[in-house]
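Peer 1: Show me how the following folds:
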Amino acid sequence: MLKTQTRHAIDPATTKTLDTDQLRDHFHVGGLFSDGEIDLVYSHYDRLILGSAVPAGGSLVLDAVAETGTPSILDRREMGVLNIGDTGSVSVGGQDHTLENGEVLYIGMGSGPVTFGGNGRFYVLSAPAHQTYPTKLIKLSDARRVELGSRETANERVIIQFLHPEVCQSCQLLMGYTQFAEGSVWNTMPAHLHDRRMEAYLYFGLPQDQRVFHFMGEPSQTRHIVMANEEAVISPPWSIHSGAGTSSYTFCWAMAGDNVDFTDMDMVAMEDLR
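Peer 2: Sure thing, here's the model as predicted:
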């Protein structure tokens, strides 16, 4: 079963007026990872699609998505797939790929329908593409690792980069995830902006009775959204994207926009946050 929804882009001035429920309606993505379903959200921020596919031991085919206006979703798009569950398979272009937990598959433009199988819990990301790059399975050993932070500032973490120019070519989709050491809870702080690219987070590996407080908004007008395990959030290009959890967790980050320069960030000084 395929379920889709659309999220329209809104401006910073409007966002300042929203209450908790309205913020969640625009930016929070819940209800993902349902057995036997493909759930997709089409965002008008850089036309990113994010969602999930849970074959639950069977198979699910992702092909036509009305929101893209093309016969098949990958006709003018590329895709990244992260498995956060048990071993699963992704079949595309006549080839089967086995994804273990924590592995990522990049799928190039024009690859045709995508079939999800096995016991994987697949997080799906797709952005418009202008060129076809080879489909590639990226194992943990292939990813680029960047260790940052410290215990003293409660942000000791490793950034694991999969769709990154030094690992796998893509048109505009950047993707990876960040894991925290035990006792560390702060992500992406000091905060930053990148008006040239939007971003989306999926929080996972979080105990069911714990939460992450995700911070968004302009630096002078910050807001928060409370996130549970396996929930996603859309971050507009004009917004900070930061968070703090009540326990350690992992989050998958993905960006789409004008470039694939991971370090293209406009830092926000602590004293400028409100």
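Peer 1: In this protein, mark out all the helices, start to finish.
Peer 2: Remark: helices assigned in the chain by DSSP state H are 12-15, 20-27.
Peer 1: Please work out which of those helices is packed deepest.
Peer 2: Most buried of the helices of the chain, by mean neighbour count (mean count of other Cβ atoms under 10 Å): helix 20-27, with a mean of 15. For glycine as for every other residue, the C-beta is placed from the backbone atoms N, C-alpha and C.
Peer 1: Tell me which other helices or strands that helix touches.
Peer 2: strand 221-227, strand 231-235 (3 or more Cβ pairs under 8 Å, 6 or more residues apart in numbering; DSSP states H and E).
Peer 1: and that helix, C-alpha only, in PDB?
Peer 2: What follows is helix 20-27, C-alpha atoms only, in PDB (Å, rounded to 0.1, in the frame of the first residue of the first chain):
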ATOM      1  CA  THR A  20       2.300  23.700  18.700                       C
ATOM      2  CA  ASP A  21      -0.200  21.800  16.700                       C
ATOM      3  CA  GLN A  22       0.300  24.000  13.600                       C
ATOM      4  CA  LEU A  23       4.100  23.700  13.800                       C
ATOM      5  CA  ARG A  24       3.700  19.900  13.900                       C
ATOM      6  CA  ASP A  25       1.300  20.000  11.000                       C
ATOM      7  CA  HIS A  26       3.900  21.700   8.800                       C
ATOM      8  CA  PHE A  27       7.200  20.200   9.900                       C
END
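Peer 1: which residues are in contact with it?
Peer 2: With Cβ atoms under 8 Å, 6 or more residues apart in numbering as the test, helix 20-27 has contacts from 7-8, 10, 15, 18, 216, 223, 225, 233-236.
Peer 1: Might you calculate how far stretch 6-14 sits from the centre of the chain?
Peer 2: Centroid separation between stretch 6-14 and its chain, computed with Cα atoms, centre = their mean, to the nearest Å, is 19 Å.
Peer 1: actually stretch 134-143, not the one I wrote
Peer 2: 17 Å.
Peer 1: Can you give me the end-to-end span of it?
Peer 2: Using Cα to Cα, to the nearest Å, the end-to-end distance of stretch 134-143 comes to 17 Å.
Peer 1: Please apply the same query to stretch 137-154.
Peer 2: 33 Å.
Peer 1: Just name the most buried of the helices and strands packed on helix 20-27.
Peer 2: Taking mean count of other Cβ under 10 Å, strand 231-235 is the most buried of the helices and strands packed on helix 20-27, at a mean of 24.
Peer 1: That one - which strands sit beside it in the sheet, and in what orientation?
Peer 2: Paired with strand 231-235 in the same sheet, following DSSP bridges, are strand 28-29 (antiparallel), strand 197-204 (antiparallel).
Peer 1: mind checking which of those is nearest Ser59?
Peer 2: strand 197-204 (22.8 Å; Cβ to Cβ).
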